[in-house]
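> below are the sequence and a predicted model; questions follow.
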Amino acid sequence: MTLDAFLPEHKRTIYCGRIRPEHVGKEVVLCGWVHRRRDHGGLVFVDLRDREGLVQVVINPEGSAEAHAKADALRVEYVLSVRGTVRRRPPGTENPSLPTGDVEVAAATLAILNESRPIPFSLDEDSDVAENVRLKYRYLDLRRPSIQAMFVRRARLARAVREYFFENGFLEVETPVLTKSTPEGARDYLVPSRVNPGMFYALPQSPQLFKQILMMAGYDRYAQIVKCFRDEDLRADRQPEFTQIDVEMSFIDRDDIFTMMEGLMARVFREVLDVTVARPIPRMGYREAMDRFGVDKPDTRFALEIADYTGLLSAAGFRVFSEIAAKGGVIRGITVPGLAESSRSELAALEEVAKIGGAAGLAWFKATDKGLASPLAKFFKEEQLAALREKSGAKAGDLILVVADTFDVACASLGRLRLHLGEKLGMIDKSLYHLLWVTDFPLLEWDKEEKRWSAMHHPFTAPLDEDLPLLATDPGSVRAKAYDMVLNGSEIGGGSIRIHRKDVQSRMFQLLDIDPDAARLKFGFLLEALEFGAPPHGGIAFGLDRLAMIFSGAKSLRDVIAFPKTQKATCLMTDAPSMVDVEQLRELSIRVTVPEKR
RNA sequence: GGGGUGGUAGUUAAGCUGGUUAUAACGCCGGCCUGUCACGCCGGAGGCCGCGGGUUCAAGUCCCGUCCACCCCGCCA
C-alpha cells in the first residue's frame, strides 16, 4: 500500500481527546493512532487516539468515497491524519464512558501516514501482559493511556518542584556525571578514562559532595533534579539509575529544612493530587519509630502498634523467653483484632512472615471469654497471663502475636507482620497520605563483617550537639542531625545537617577507621574546602521516582520510569548492557577476564 | 550469594495420577455487514510446550541442570 506524505494540511488543529460538544460544526484536523476499528462494510468507525484521549471518527462512503476506500486498509496502530467536521452523535448512540462520547468527527479526508505490524500485545487497559513483553516493546506500552497519565503526572510533579524552588530563591546548578569514586556507600558504576589509561570515573551515587562544595562556594540555596547511580541489587522500589530532588542550604538548622520542605510537599500535593498537606508534618524520633512500628519508615495510616512484654514474660516460666531476655533480647508483640479463630495453617503462614524478618518462631495467645489460650499458657502463671492480656488490650476474639529475639530481629519480624496484617485485614485507608519526619537517627552503625563503625547516613553528617561527648565514650549511642521523610510507609527523602568544621570531620573519619591518608586521597578536596570558610549547611534529597510512584498508585518504580531496567539491571528494549568491540576495549586499556560463553 | 513464584500459539490462560492429532478466548488472515463503540456473523491459518540432559515402551506432564521475568533476604552512606 502507498502511504500518504505528511503535508501542511495534515497538521493537527486539536487533540483527539480534547474534542467536546462546544466544537460541534467546526472543521478539525486530528493526528493519532488507530485505537480500534469497527468496519460495518459501509460505515467504518475508527477510534483515533493521541496523548489526550480518543475520539470516534466516522467514515461514510456517501460523505467521502475516497476516505472510505482507504479505511478498508486501516488496522490497529496505523498513524492517521483525519480532516473532518465535529458533530453531535445521533441520539441514542452517545457513549457516556468516553469524555468525547457525545460527539464524533465525520471524516472528509483521511491520510495514512504510516502503517503498523500487528502489535504483539493489546493496548487495552484491562489486558494483563507479562512485563518482559511490555518492556521489550516499551514504545508500545508507553502508548497506553493509563501509562501516559503517569508520565503526565510525573512531569507535573517535576514542574511543581522546579517552580517552588525557583520562587524560593534556589539556584539550579548542574553537577558532574563523570566524577570520583568514593569509599562507603553503594557500589559505584565505573567509567574508564581513555586519556588516562587504567583510571576510572565513577557515576555519582548522589551529588552529595558537590552540593556541599557549592555551599562553601557561597551559593547558599541549591536545588537540582538529578540522576543518581548505584550499582546494587534491584527491588520493586529500587532502580540502578534514579532521579533525586537534591537540595542544600546554608546558614540554616534542621527546622529551616523542615519548614522549607514542608512547603515543597504542600505545593506538590496541591499541584499533583489536589490534596492539602497538614503542616507542620509530624515528627518522630528514630527510636520511637522502631519501638512502636519496628521500622524507621512507619506507615502511620493504621495502628497495630508493637508492645513490649520483655519484663512481663521473661520472669520465670518459659525458658526460651527468659534466656533471650537474659542475653539482652526483647519480647514484643502485636495484638491483632478478630484473629483468635485462626487455624493452624493460618498461624503457620503468619509465622513464615515473621521468619522473613529473622525470627526463629512466632508465639501466639488467643484471647477468649475465659482468658488467654496458647500452647505456651502452661509455662506462665495466671497473673502473668492476666497482665499480658491487660497490657495488650486484647479483647475476646483478638490474637496476640509474640516474637522473642534480639531488638533488631524483633523489630524486623513484627514490623513486617504488622504491615502484612494491616494490608490483609484491610486496615489501611488507601485514600490517606500520611507524611512523617523521622529524626535523630543513630550517627553510626556497627559493621559486623568489617568490624568497624560505619556512617548510617553518610560520613559528613553532623552529630547532635548534646551527643558530642559520647563520640569518645559510646559512639553507638550518638544521634545524628539526620532526618528522613516518610510517606505511607515509604522513605521518600532523607538528609542531614552537615559537618562544617574540619576538626569534627577529621574525628568522624577517625571513628570510621578511615585513616588520614586515605581520607585525603578520597575526600581531600572537601577537607581542604572546609579550611577555607565553610558555612554551616545542610540539605536533603527526595526520590522523585518514588514520589511519582506513590502519586500514581504504581506498584513498581518501573511503571513511572520511561525506560526502566529489569531486576538483572538490563534494558529489554535496547539489550543494554552488551559486549563491546575488542578495539574499544584496547583503546581503554581494559582486558575482560570473563570467559566467553560457548 | 540465598529463598520463593512463573515460563504452553502474537497475547492471556487450561492441560489432573505420564498415554491417540496439545485446548480455549482474544488477536491475526479471508469473506459478509450503514450507527457501532470489547460491533456482529461465516470460514481459515497459527506451536522448538524457555533451553539442555536424564528416567520411561511413551514426557508439556517426572528428575537434574541452565536461562529469562517477577517478589523477597543479604546489599542499597
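Here it is on my side, so go on.

> I figured A:T109 hits A:A65, correct?
No: with contact defined as C-beta atoms under 8 Å, A:T109 does not reach A:A65; the gap is 11.2 Å. From N, CA and C alone the C-beta is placed, and that goes for glycine too.

> give me the more crowded residue out of the two.
A:T109 (16 against 9; other C-beta atoms under 10 Å).

> that one sits in which helix or strand?
Using DSSP states H and E, A:T109 sits in strand A:103-114.

> give me every residue in the stretch 451-598 of chain A lying close to RNA strand B.
When proximity is defined as C-beta under 7 Å from any atom of the strand, the stretch 451-598 of chain A approaches RNA strand B at A:454-459, A:556, A:558, A:566-568, A:570, A:572.

> those: which two are farthest apart?
A:P459 and A:L572 (37.2 Å; C-beta to C-beta).

> residue of the stretch 351-500 of chain A nearest RNA strand B, please.
A:H458 (3.0 Å; C-beta to the nearest atom of the strand).

> next one: that residue from A:G539, what distance?
11 Å (C-beta to C-beta, to the nearest Å).

> joint contacts of the two?
A:S496 (C-beta atoms under 8 Å, 6 or more residues apart in numbering).

> who in the stretch 201-350 of chain A is up against RNA strand B?
So the stretch 201-350 of chain A meets RNA strand B at A:Q205, A:S206, A:Q208, A:R230, A:E232, A:D233, A:L234, A:R235, A:A236, A:D237, A:R238 (C-beta under 7 Å from any atom of the strand).

> not counting residues beside it along the chain, what's closest to the second one?
When you say that, I think you mean A:S206. Closest residue to A:S206 apart from its sequence neighbours, by C-beta to C-beta, 6 or more residues apart in numbering: A:C228 at 4.9 Å.

> secondary structure element holding the one you found?
Secondary structure (DSSP H and E) places A:C228 in strand A:221-229.

> in that strand, what counts as buried?
A:R221, A:Y222, A:A223, A:Q224, A:I225, A:V226, A:C228, A:F229 (16 or more other C-beta atoms under 10 Å).

> swap in stretch A:10-22?
Here stretch A:10-22 shows A:H10, A:I14, A:Y15, A:C16, A:G17, A:R18, A:I19 as buried, counting by 16+ other C-beta under 10 Å.

> now it: mean pLDDT?
For stretch A:10-22, the mean per-residue pLDDT is 97.

> any idea how far apart the tips of it sit?
End-to-end distance for stretch A:10-22, by C-alpha to C-alpha, to the nearest Å: 22 Å.

> could you do stretch A:546-565 as well?
15 Å.

> check the spatially closest residue to A:V82 that is not a sequence neighbour and give its pLDDT.
Nearest non-adjacent residue to A:V82, counting by C-beta to C-beta, 6+ apart: A:L30, 4.8 Å away. Among the per-residue scores, A:L30 holds a pLDDT of 98.

> just say helix, strand or coil for A:L30.
Following DSSP: H, G, I helix; E, B strand; the rest coil, we place A:L30 in the strand state.

> re earlier: more neighbours: which of A:H458 and A:G539?
The neighbour comparison of A:H458 against A:G539 (other C-beta under 10 Å) goes to A:G539, with 24 against 20.

> what's around the closest residue to that one other than its chain neighbours, how many residues?
Using C-beta to C-beta, 6+ apart and skipping residues adjacent in sequence, the residue nearest A:G539 is A:E248, 3.4 Å away. By the criterion of other C-beta under 10 Å, A:E248 has 29 neighbours.

> what's across from A:E248 in the sheet?
A:E248 has these beta-bridge partners by DSSP bridges: A:Y222, A:G539.

> which stretches of the stretch 251-400 of chain A form helices?
A:254-268, A:286-293, A:310-314, A:319-326, A:344-356, A:382-392 (DSSP state H, counting those that start in this stretch).

> please read the previous query as pertaining to the stretch 51-200 of chain A.
A:65-71, A:131-136, A:138-141, A:145-167.

> of the ones you listed, which is nearest RNA strand B?
helix A:131-136 (3.9 Å).

> rewinding a little: which ones are touching the residue nearest to A:S206?
A:P204, A:Q205, A:S206, A:P207, A:E241, A:F242, A:T243, A:Q244.

> which one of those residues sits closest to RNA strand B?
Minimum distance to RNA strand B across the contacts of A:C228 is 3.7 Å, recorded for A:S206 (C-beta to the nearest atom of the strand).

> for burial, what's the neighbour tally of the closest one?
20.

> A:P516 is in contact with A:S506, correct?
Yes: using C-beta under 8 Å, A:S506 is in contact with A:P516, at 7.3 Å.

> those two: which is more packed in?
A:S506 (16 against 11).

> host element of that one?
helix A:502-511.

> which neighbouring elements make contact with that helix?
helix A:516-530 (3 or more C-beta pairs under 8 Å, 6 or more residues apart in numbering; DSSP states H and E).

> again, 10 Å this time
strand A:452-455, helix A:470-473, helix A:516-530 (3 or more C-beta pairs under 10 Å, 6 or more residues apart in numbering; DSSP states H and E).

> which positions in the first one come out as buried?
Read it as strand A:452-455. Neighbour-count burial for strand A:452-455 [16+ other C-beta under 10 Å]: A:W453, A:S454, A:A455.

> possible to save those residues as a markdown table with pLDDT?
Listed next are the buried residues of strand A:452-455 as a markdown table, based on pLDDT from 0 to 100:
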| residue | pLDDT |
| --- | --- |
| A:W453 | 88 |
| A:S454 | 88 |
| A:A455 | 90 |
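
> what is the nearest of the residues you listed to A:D256?
For these, the nearest to A:D256 is A:A455 (23.0 Å; C-beta to C-beta).

> what's the average pLDDT for the helix holding A:S506?
88.

> now swap in stretch A:299-316 and tell me
91.

> got the buried residues for it?
A:D299, A:T300, A:R301, A:F302, A:L304, A:I306, A:A307, A:Y309, A:T310, A:L312, A:L313, A:S314.

> same question for stretch A:191-204.
Within stretch A:191-204, the residues that count as buried by 16+ other C-beta under 10 Å are A:P192, A:F200, A:Y201, A:A202, A:L203, A:P204.

> was I right about the residue of the stretch 351-500 of chain A closest to RNA strand B contacting A:P183?
No: counting by C-beta atoms under 10 Å, A:H458 stays clear of A:P183, with 11.1 Å between them.

> show me what from the stretch 51-200 of chain A comes close to RNA strand B.
Looking at RNA strand B, the residues of the stretch 51-200 of chain A close enough under C-beta under 7 Å from any atom of the strand are A:56, A:58, A:60-62, A:75-76, A:89-90, A:92-95, A:97-98, A:101, A:104, A:118, A:120-122, A:124, A:127-133, A:135, A:184-187.
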